[in-house]
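Peer 1: With the sequence up front, the predicted model follows.
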Amino acid sequence: MKRILPAIILSQFFCTSLWFAGNSIVLDIIREFNLDPGFLAHLTSAVQFGFIAGTFLFAVFTISDRFSPSKVFFVCSILAAVANLGILVNGSGPAALLCSRFLTGFFLAGIYPVGMKIASDHEQRGLGRSLGFLVGALVLGTAFPHLLKTIAAGLPWKSIIYATSALAVTGGLIILFLVPDGPYRKPAQKIKLGAFLYGFRDAGFRSAALGYFGHMWELYAFWAFLPVMLAAFRDNYRLAGFSVPLWSFVIIASGGLSCMISGVLSLRLGAKWLAATALSLSGMCCLVSPWLFTSGMPVALVVFLVFWGMMVTADSPLFSTLVAQSAPPDARGTSLTIVNCIGFAITIVSIQLLNILVRNLDNEYLYLVLSPGPAAGLVALLTVTRPAHDSKL
């Protein structure tokens, strides 16, 4: 596992850079194609819709349990990279842009949850730590296009698309050549159309899944609207030197660090307790956010958002650990995939809700709408009749 885990982490980082590639250059896209500023939410939702469609089909047909997950990861990384390049096709309009992002999200369904499946097939004890590093790589990959945008400020926006597609291909090749199927893999022998529902029979699985759903209500809406919120703050207080892409990267990337830390701490403190703590703190951040966005203090705001960026993701690997450990062994990949599917469906609702409210509500109050997610997730996590497996994973 000493060689396997770093390879999976690096591959996950490279491939998930595709996720927010469009968001990092959305202002350039809006100018290039003369689109409405509200196109940001549609661009983000297109990726989420694609991911939902992909994860649903992968779960129904038990793809990652019936076929080699390493090969599934590789094939999907190539197809996702090609779909990402579709945004550059000459003569593209809004529909083509959304189609490109939809297909990118669709094939990411064979990368993110399948990467977790690969890790769980290689290690069972210490899985929380492994998934902490793996989800941390996802978060860093999500943030990376914002850093690329900052570094490549003088280059054409299309260079971001080329770079992220090249990284995805590289990530797929790393998995193909360096990561074989794991020793704990229990392949399913045939299609079981109802297998994706098996996990929900277990009270611990339901608890972890419902907690994850509350977490997802907040997470991607927070990320998607972060550049909008930072730009509004910059403009309101006339902060000419305030770099929105740079701070967007720092805030989102901080969540990668917290995932790794929470994964390591779960070995001592248990995943469930840590997840509940992170949900509580991120929910509190939702509630106090209006005060920071109206403070006029950029340093205080950035420190607060970095803390929030850490808390909003710290529970991600913990929920994945709880789900993986309570799922049926021969349907672990399918169970992880369907939970991802439902979670990302929830993100579309919260993102589109914010997109509607941003036109009718002062920006500083926008994030208040996210607070019910952590609250509901916390209740679900702590009121289960039989606790999920939580043996210092």
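Peer 2: Structure received.

Peer 1: Residue 22 sits in which helix or strand?
Peer 2: helix 21-24 (DSSP states H and E).

Peer 1: Tell me which other helices or strands the helix or strand following that helix touches.
Peer 2: Downstream of helix 21-24, the first helix or strand assigned by DSSP H and E is helix 26-33. Applying 3 or more Cβ pairs under 8 Å, 6 or more residues apart in numbering; DSSP states H and E, one finds that helix 26-33 contacts helix 39-60, helix 94-108. Every residue, glycine included, has its C-beta placed from N, CA and C.

Peer 1: As a markdown table, those with mean neighbour count, distance to residue 75 and mean pLDDT would be great.
Peer 2: Below are these laid out as a markdown table (neighbours: other Cβ atoms under 10 Å; distance: least, Cβ to Cβ, whole Å; pLDDT from 0 to 100):
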| stretch | mean neighbour count | distance to residue 75 | mean pLDDT |
| --- | --- | --- | --- |
| helix 39-60 | 23 | 12 | 85 |
| helix 94-108 | 22 | 8 | 92 |
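
Peer 1: wait, which of the ones you listed is closest to residue 275?
Peer 2: If you check each of these against residue 275 by Cβ to Cβ, helix 39-60 wins as the nearest, at 21.2 Å.

Peer 1: All the helices of the stretch 251-393 of the chain, residue numbers only.
Peer 2: Using DSSP state H, counting those that start in this stretch, the helices of the stretch 251-393 of the chain run over residues 271-293, 298-314, 316-326, 332-357, 372-382.

Peer 1: Can you check which of those gets nearest to residue 142?
Peer 2: Of all those, helix 298-314 sits nearest to residue 142, with 9.4 Å by Cβ to Cβ.

Peer 1: contacts for the closest one?
Peer 2: With contacts defined as Cβ atoms under 8 Å, 6 or more residues apart in numbering, helix 298-314 is touched by 135, 139, 215, 218-219, 222, 226, 233, 237, 239, 242, 247, 250-259, 261-262, 274, 278, 281-282, 285, 288-289, 292-293, 295.

Peer 1: re the thing from before, for residue 13, find the nearest of the helices and strands packed on helix 26-33.
Peer 2: helix 94-108 (13.2 Å).

Peer 1: Now do the contacts for the nearest residue to residue 117 once chain neighbours are set aside.
Peer 2: In space, and not counting its chain neighbours, residue 117 is closest to residue 333: 3.8 Å by Cβ to Cβ, 6 or more residues apart in numbering. By Cβ under 8 Å, 6+ apart, residue 333 lies in contact with 62-65, 69, 113-114, 117.

Peer 1: which strands and helices sit next to whatever helix or strand residue 248 lives in?
Peer 2: Per DSSP H and E, residue 248 falls inside helix 244-269. Judged by 3+ Cβ pairs under 8 Å, 6+ apart, helix 244-269 is in contact with helix 127-151, helix 203-236, helix 271-293, helix 298-314, helix 316-326.

Peer 1: Apply 10 Å and report the result again.
Peer 2: Helices and strands touching helix 244-269, as assessed by 3 or more Cβ pairs under 10 Å, 6 or more residues apart in numbering; DSSP states H and E, comprise helix 21-24, helix 127-151, helix 203-236, helix 271-293, helix 298-314, helix 316-326.

Peer 1: For the last one, buried residues please.
Peer 2: For helix 316-326, a neighbour-count test (16 or more other Cβ atoms under 10 Å) marks 316-326 as buried.

Peer 1: Let me know the closest of those residues to residue 360.
Peer 2: Of all the buried residues of helix 316-326, residue 316 has the smallest distance to residue 360: 31.0 Å, by Cβ to Cβ.

Peer 1: how about the CA coordinates for stretch 102-110, as PDB?
Peer 2: In PDB, the C-alpha atoms belonging to stretch 102-110 read as follows (Å, rounded to 0.1, in the frame of the first residue of the first chain):
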ATOM      1  CA  PHE A 102     -22.300  17.300 -18.700                       C
ATOM      2  CA  LEU A 103     -20.100  14.600 -20.400                       C
ATOM      3  CA  THR A 104     -17.100  15.600 -18.300                       C
ATOM      4  CA  GLY A 105     -19.200  15.000 -15.200                       C
ATOM      5  CA  PHE A 106     -20.600  11.800 -16.500                       C
ATOM      6  CA  PHE A 107     -17.100  10.200 -16.900                       C
ATOM      7  CA  LEU A 108     -16.000  11.700 -13.600                       C
ATOM      8  CA  ALA A 109     -18.400   9.100 -12.100                       C
ATOM      9  CA  GLY A 110     -15.800   6.500 -13.100                       C
END
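
Peer 1: is it true that residue 346 touches residue 220?
Peer 2: Yes - counting by Cβ atoms under 10 Å, residue 346 sits close enough to residue 220 to count as a contact (8.9 Å).

Peer 1: Common neighbours of those two, please.
Peer 2: By Cβ atoms under 10 Å, 6 or more residues apart in numbering, residue 346 and residue 220 have these common neighbours: residue 48.

Peer 1: Need phi/psi at residue 361.
Peer 2: Note on residue 361: backbone dihedrals following degrees, to the nearest 10 are phi -130, psi 140.
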